[in-house]
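Undergrad: The amino acid sequence is not available; the structure is as follows:
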């Protein structure tokens, strides 16, 4: 199910279903883009703000984790790579800043 419609509005029914069917709680979302830079696009920043306002409590300093995934390949296609970046939104006076998070897998 997709959280966002094509006009970037949140699908509240999908979000409600995910929240109710989830054993834990929603901590963030991801985006996969092939051959793209590892930074949020304007579209993703807008989506992140909408998700943040609906599901997270700013008074508790909770913000969604945003996981960006991308692939790339060498010119002759001999090498393929899979890259990622994990970010968390930090609100400041000038707008939103994305701070990198370390991903530890045990």
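TA: Okay, I see it. Computed from a predicted structure; not experimentally measured.

Undergrad: Strands along the chain, start to end?
TA: With strands called from DSSP state E, the chain shows them at 28-32, 65-73, 80-92, 95-101.

Undergrad: closest one to residue 49 among the ones you listed?
TA: Checking the strands of the chain against residue 49 by CB to CB gives strand 95-101 as the closest, at 7.0 Å. C-beta coordinates here come from the backbone N, C-alpha and C atoms, glycine included.

Undergrad: most tightly surrounded among the strands of the chain?
TA: Using mean count of other CB atoms under 10 Å, the stretch among those with the largest mean neighbour count is strand 65-73, at a mean of 16.

Undergrad: So what sits opposite residue 4 in the bridge?
TA: residue 10 (DSSP bridges).

Undergrad: now it: how far from residue 97?
TA: 22 Å (CB to CB, to the nearest Å).

Undergrad: Residue 5 too?
TA: From residue 5 across to residue 97, the span is 27 Å (CB to CB).

Undergrad: Just the pLDDT for the residue nearest the centre of the chain.
TA: Closest to where the C-alpha atoms of the chain average out (CA atoms, centre = their mean) is residue 66, at 2.9 Å. Turning to residue 66, the model gives it a pLDDT of 88.

Undergrad: what's the answer for residue 92, then?
TA: Looking at residue 92, the pLDDT reads 66.

Undergrad: which ones are touching residue 84?
TA: 38, 67, 68, 69, 70, 103 (CB atoms under 8 Å, 6 or more residues apart in numbering).

Undergrad: and the two most separated of these?
TA: Longest span within the contacts of residue 84, CB to CB: 70 and 103, 14.9 Å.

Undergrad: Figure out the length between the terminal residues of stretch 76-84.
TA: 22 Å (CA to CA, to the nearest Å).

Undergrad: and the gap between the residue nearest to the centre of the chain and residue 72?
TA: The value you get for residue 66 to residue 72, if CB to CB is used, is 20 Å.

Undergrad: again with residue 54
TA: For residue 54, the distance to residue 72 equals 33 Å [CB to CB].

Undergrad: likewise residue 7?
TA: Applying CB to CB, the value for residue 7 to residue 72 is 30 Å.
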